[in-house]
Every structure is written in structure tokens, then in C-alpha cells.
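Student: structural data only, the sequence is not supplied:
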Ligand SMILES: [Zn+2]
């Protein structure tokens, strides 16, 4: 089994997280260039995945309106034009030794 890790450095979200199926998103074709600019030091690929933690809650579509009713869907999507904005840099204090 290969764990799918999030594209963001230091982010530990994996697809096998216990709190339900962690949602991962691929860069939409429309905003791929914009997403690339957000990560100038890494090579973002069309197949890269970012986890839900990097998106504002309102940018994640959790279901859809069917007639008058909002129906929750297991498979989440991003709103059009949504971009990763949260937790993009995980600060790790340098020089902290891990002496176990
Ligand atoms: Zn992540």
C-alpha cells in the first residue's frame, strides 16, 4: 500500500487518516498556473495532491443542491477558482534535536 501524502512540505495528512477519508485535491486545469505560483520552490504537477487543510472551508464543496435540498456527497470538490491558502508553510524550529 502506498500512502498518498500531501504535496505541501511538512504536511502529514495521508489518505488513511482516521477522521474519515481525508480529502485530497488536484490542481484544477483552470487555475494550475496560479497554483504553481503559490509554490515557487517546488514543482507542482497536474497530478500533485493537496489535502483539505490548505483550503478555506467555503472553498470546499461538500455536496450539491438537488432541487431545494442540499445533498451531502462523500466525494468533495473544490469550488471553481479555489486556491490553497492555509498552512502552506509548516515551521519547524531548526536545531531541535530529537533525542529518543
Ligand atoms: Zn496537506
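Tutor: All right, it came through fine. Because the structure is a prediction, the values reported are computed rather than measured.

Student: what stretches of this protein score poorly on pLDDT?
Tutor: Along the chain, the parts satisfying pLDDT under 70 run over 1-4, 15-22, 90-100.

Student: enumerate the residues of it near the ion.
Tutor: Residues of the chain found near the ion (CB under 5 Å from the ion) are 6, 8, 11, 13, 51, 53. No exception for glycine: its C-beta is placed from N, CA and C like everyone else's.

Student: can I assume the second one is in contact with residue 54?
Tutor: Yes. With contacts defined as CB atoms under 8 Å, residue 8 counts as touching residue 54 at a distance of 6.1 Å.

Student: between those two, point out the one with more neighbours.
Tutor: Set residue 8 next to residue 54 and count neighbours by other CB atoms under 10 Å: residue 8 wins out with 23 against 20.

Student: quick one: residues contacting the more buried one.
Tutor: 50, 51, 54, 84, 87, 88, 90 (CB atoms under 8 Å, 6 or more residues apart in numbering).

Student: mind checking how far the first one is from residue 66?
Tutor: For residue 50, the distance to residue 66 (CB to CB, to the nearest Å) stands at 28 Å.

Student: who has more neighbours, these two?
Tutor: The neighbour comparison of residue 50 against residue 66 (other CB under 10 Å) goes to residue 50, with 25 against 8.

Student: can you tell me which strand in the protein is longest?
Tutor: strand 69-78 (DSSP state E).

Student: what comes up buried for stretch 62-79?
Tutor: Within stretch 62-79, the residues scored as buried using 16 or more other CB atoms under 10 Å are 76, 77, 78.

Student: any idea how far apart the tips of that stretch sit?
Tutor: Separation of the first and last residues of stretch 62-79 by CA to CA, to the nearest Å is 10 Å.
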